[in-house]
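Trainee: turn this into a model:
(chains A and B, ligands or ions: 2)
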Amino acid sequence: MTLVRMVGITKRFPGVLANDSVNFELRSGEVHGLLGENGAGKTTLMNILYGIYRPDEGEIYVDDRRVRIRSPRDAIRLGIGRVPQFPELVDKLSVAENLAVLFPENIMSRKRLEEIRSLAEKYGLPINVDAMVYELSLGERQRVEVVKALLRGARILILDEPTTVLTPKEVDTLFEALKKMRNEGKGIIFVSHKLSEVLSITDRVTVLRRGKVVATLETADTDEEELTRLMVGRRIVQRYERKKVPPGEEVLRVENVYVLNDKGGEAVRGISFTVRRGEIFGIAGVAGNGQKELIEAIAGLRKVEKGRIIVGGEEIRTPYQFRKYASHIPDDRMGMGVLPSLSVLDNLSLTLYRRFSRMGMIDMDDLRRFAEKLVERYKIVTPSLGAPAWQLSGGNIARLILARETAMGCRLLIAVHPTFGLDVASTDEVRRTLLRLRDKTAILLVSEDLDEILQLSDRIGVMYRGRFIGVLEADEADPEKVGLMMGGVAVESG
Amino acid sequence: MKAVKERLLPVAVKLFTKLLAILLGLGISAVVFAAYGVDPLYAYSLMVTKSLSFRGASEVLTKLIPLQLCGIGLIVAFKSGMWNIGAEGQMLLGATFATWIALFLDVPEFSRLPLIFLFGLAAGAGWALIPALLKVKFEVNEVITTLMMNYIASSLVNYLVYGPWKGAKEWGFPYTDKFPKSVWLPTIAGTRIHWPTLLIAILTAFLVYFLLVKTTVGFEIRVSGQSKRAAEYAGINYGRALLISMAISGALAGLAGVGEVCGIHHRLRYASSISSGYGYAGIIVAWLSELNAVASVLSALFMAFLFAGGDLMQVSLGLPIGVVDVFNGSILISLLVSEAFGRYNRPKWRLRLK
Ligand SMILES: Nc1ncnc2c1ncn2[C@@H]1O[C@H](COP(=O)(O)OP(=O)(O)OP(=O)(O)O)[C@@H](O)[C@H]1O
Ligand SMILES: [Mg+2]
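Mentor: Ligands and ions are numbered 1, 2, ... in the order given. Got it, this is the predicted structure:
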């Protein structure tokens, strides 16, 4: 049975044709993958289905009936649920309060809480309703979004790059839940850049390229190579040469550091390590083991309770000191990495403006020229430099941050999930960029993507419950060992 | 987060919406005028013709000065995310310190006027810095504190003019003595326009525009107003940006206070006679200009026209002050509401407080 049929959907934004007569079909009981490069129009298509944008042309059928979806409210009424690319919960409220909006008069009762709990359990997606949203990891927030959509009775579920913020284990949990939903006859649209995931969970795949559908395939009949070729139009080989660079001077020194989390608990408990110029130090670990707090402490954004952090020979106490020597690609892109309502130019200036300042004045002409160069060199697709950043696609926001943080060179680069949300080609480019920068820069890489960590790092520290459970040299690390350590099993090193 | 993301209309359409809104406001108040037995068309034509007369226009320009200064200052504060409701109090503090120097401080005569300006600015800035510090240090909501400080400021002024500073030659009126002539600001002949302040007000509009667009401090203020987290991430000293923006905001309001006492009254008087709500109207000036300092000259001019027109209707048509307020109010509300319609592609169902 066909749940959704989108026929001839066209959507134009000033200067871009985001969707170009797209035909898309979702059957009941299938997981349908939606693939495409950054800016190919995936989110736009989903926003149209969810009633956030109206198509310029085209028709939508739900259950074979022609429908007009004017707002998410209409979409919800039709049984369409959406899990956004970046969780959109209210930070300062608890999970229960965030879910209360689903009920009449926004009242949350014991019975309703029970209902939520049993639904969450049914799909194996446990959530803590008493937690404040800001305390949750991005993965946990996303789980709340999934539950929220299910509570609304969604039978058509849109997941826009759901796994970018998830740990491998969370991905498994999510996939189990998706399989249960599929077996119940729900239809799921799964937007992702990770081909292996798409191949493992989906039944069919639709590939978009520059707003057009290039193919809809049975997953069983295709493979990674074909999908890549369809998306990018060429093959991409993900092999990285990691030449040994003789390590230079020490740039970052972390000495027996203790840091608290937002709740006042000890998140980092006595970590020490150094990073030298010419090396990439990778931090692996399941999210929530203190990585976030450690990175914030290094960047001067969180208080160091005990111990010292030294960057470029200076003990770091404020973000300003940190910025003198270092760049930082944060994982919270929309909340920290960009200012969504300021222009692309302002966002590119965010951490660079000081370098264009003389006696308190910013040389705007110079800055603008530089920004133009960045947009070109990093292939940031934007209507103009003056367009607000929220208009960019997820991948282009990632590119904007990458451009800003790596373009001018610095002594230390902290890269947290630098390839989140990037398509295959861009991921490849980012990894190459990091390896190239390594010659002149000390790099601290945080990632939950084991492949990424293993491919790029010279040394790997595995974090578990606020400590390094072990630090491995690149040649003694393999996925199995690191995976075990991430789970808390201490493995003899070297 | 896409909640506040909205695309703004092209300027022409925007102006057109505003014009419609003004017409709507005129329509609403026409009903009220009619109820009072005044022909609304006559009232409106009177307002326009009189405002275009020499006397009328000069009154508009006189009122423009404090509105413009308060408004630009507020633009700076709002850009940093500080919801400064306290321009009124900051203005009164400026007026108070100006009076202190004009009447009570023993300084060489030539330095008296410059000192008045200096202290007026500083007093306004200082008054604004108190809530700013409370916000930065203890996260106290600035809307409440700035508002409260208005009451304190106006009580202070009233206490002074009734008590210790009451003039010896004023037969019991709540006035201080007149300022020495040396500190009266020059006016354009035949008007009350104290032109040096007017000049400063216009100049400031351009300076502030420049500050926000081209300077590092301005950039830091704009970023801080968007997100504290992002500002700190970028290595910007968030607290400092807020303090600077509030100091500028308060200083400009203080300057408005100096202008009123040295340019018009030549003495300190009862608080509500020094400012008939210029500090509050400044909020609307800032808002109508969409926080664009240069555009604020136009919105200040418009507000000044409403203020002067209100006075005029009271005098020429004998309308009670309440009706005049209804007139101003309905136009302003129409304008503010039109803001909400002047946007498209706005996912309104996703509006969230954040
Ligand atoms: N509201 C908008 N205004 C203007 N342009 C927009 C808007 N929304 C999207 N676009 C543009 O439309 C194009 C498609 O964007 P979309 O977000 O659909 O891409 P995507 O396939 O989801 O990419 P990603 O993988 O990077 O998330 C992009 O070039 C984007 O800049
Ligand atoms: Mg997207």
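Trainee: residues contacting residue 251?
Mentor: If you meant another chain, say so; for now it's chain A. A:V275, A:R276, A:R277, A:V311, A:G312, A:Y325, A:R411, A:L412, A:T441, A:A442 (C-beta atoms under 8 Å, 6 or more residues apart in numbering or on different chains). Every C-beta, even on glycine, is put in place using the N, C-alpha and C of the backbone.
Trainee: look at chain B instead
Mentor: The neighbourhood of B:A251, defined by C-beta under 8 Å, 6+ apart, consists of B:G73, B:L121, B:A122, B:G124, B:A125, B:A128.
Trainee: that one falls within a helix, correct?
Mentor: Yes: per DSSP: H, G, I helix; E, B strand; the rest coil, B:A251 lies within a helix segment.
Trainee: and the residue nearest to B:I200 when sequence neighbours are not counted, how many neighbours?
Mentor: Leaving aside its sequence neighbours, B:I200 sits nearest to B:L255 (C-beta to C-beta, 6 or more residues apart in numbering or on different chains; 7.0 Å). Counted with other C-beta atoms under 10 Å in any protein chain shown, residues neighbouring B:L255 total 28.
Trainee: what helix or strand does B:L255 sit in?
Mentor: Assigned by DSSP states H and E, B:L255 belongs to helix B:238-259.
Trainee: give the rounded mean pLDDT of that helix.
Mentor: What helix B:238-259 shows for mean pLDDT is 97.
Trainee: mind giving me the packing neighbours of the helix or strand that comes right after it?
Mentor: Per DSSP H and E, the first helix or strand lying C-terminal to helix B:238-259 is helix B:271-274. When contacts are defined as 3 or more C-beta pairs under 8 Å, 6 or more residues apart in numbering or on different chains; DSSP states H and E, helix B:271-274 packs onto helix B:87-99, helix B:142-162.
Trainee: packed most tightly, which of those would that be?
Mentor: Among those, ranked by average contacts under mean count of other C-beta atoms under 10 Å in any protein chain shown, first place goes to helix B:87-99 (a mean of 32).
Trainee: the helix or strand following that helix to helix B:238-259, inter-axis angle?
Mentor: Of the helices and strands lying after helix B:87-99 in sequence (DSSP H and E), the nearest is helix B:109-138. Interaxial angle, helix B:109-138 versus helix B:238-259 (axes from the mean of the first three to the mean of the last three C-alpha atoms, to 10 degrees): 140 degrees.
Trainee: neighbours around A:E88, how many?
Mentor: Neighbourhood size, A:E88 [other C-beta under 10 Å]: 19.
Trainee: now it, what's its secondary structure?
Mentor: Of the three states, A:E88 takes coil according to three-state DSSP.
Trainee: same deal with A:R253?
Mentor: Here A:R253 is recorded as strand under three-state DSSP.
Trainee: is it true that it touches A:R276?
Mentor: No: if you go by C-beta atoms under 8 Å, A:R253 and A:R276 don't touch, sitting 9.8 Å apart.
Trainee: assign a three-state SS to the closest residue to A:R66 other than its chain neighbours, would you?
Mentor: The spatially closest residue to A:R66, leaving aside those adjacent along the chain, is A:E59, at 6.1 Å (C-beta to C-beta, 6+ apart). At A:E59 the chain is in strand, as set by three-state DSSP.
Trainee: the residue of the stretch 301-450 of chain A found nearest ligand 1 and A:G39, how far apart?
Mentor: Nearest to ligand 1, among the residues of the stretch 301-450 of chain A, is A:G395, at 2.8 Å (C-beta to the nearest ligand atom). Distance of A:G395 to A:G39, given as C-beta to C-beta, to the nearest Å: 6 Å.
Trainee: what's the answer for B:G94, then?
Mentor: Counting by C-beta to C-beta, the gap from B:G94 to A:G39 is 53 Å.
Trainee: quick one on the thing from earlier: got phi/psi on the residue of the stretch 301-450 of chain A closest to ligand 1?
Mentor: Main-chain dihedrals, A:G395, degrees, to the nearest 10: phi -70, psi -30.
Trainee: pull the distance from the longest helix along chain A to the chain's centre.
Mentor: Identified as the longest helix of chain A according to DSSP state H is helix A:168-183. Distance, stretch centre to chain centre, for helix A:168-183: 18 Å (C-alpha atoms, centre = their mean, to the nearest Å).
Trainee: contacts for that helix, please.
Mentor: Here helix A:168-183 makes contact (C-beta under 8 Å, 6+ apart) with A:29-31, A:122-125, A:139, A:143, A:146, A:150, A:157, A:159, A:162-163, A:166, A:188, A:190, A:197, A:200-201, A:203, A:286-287, A:448, A:450.
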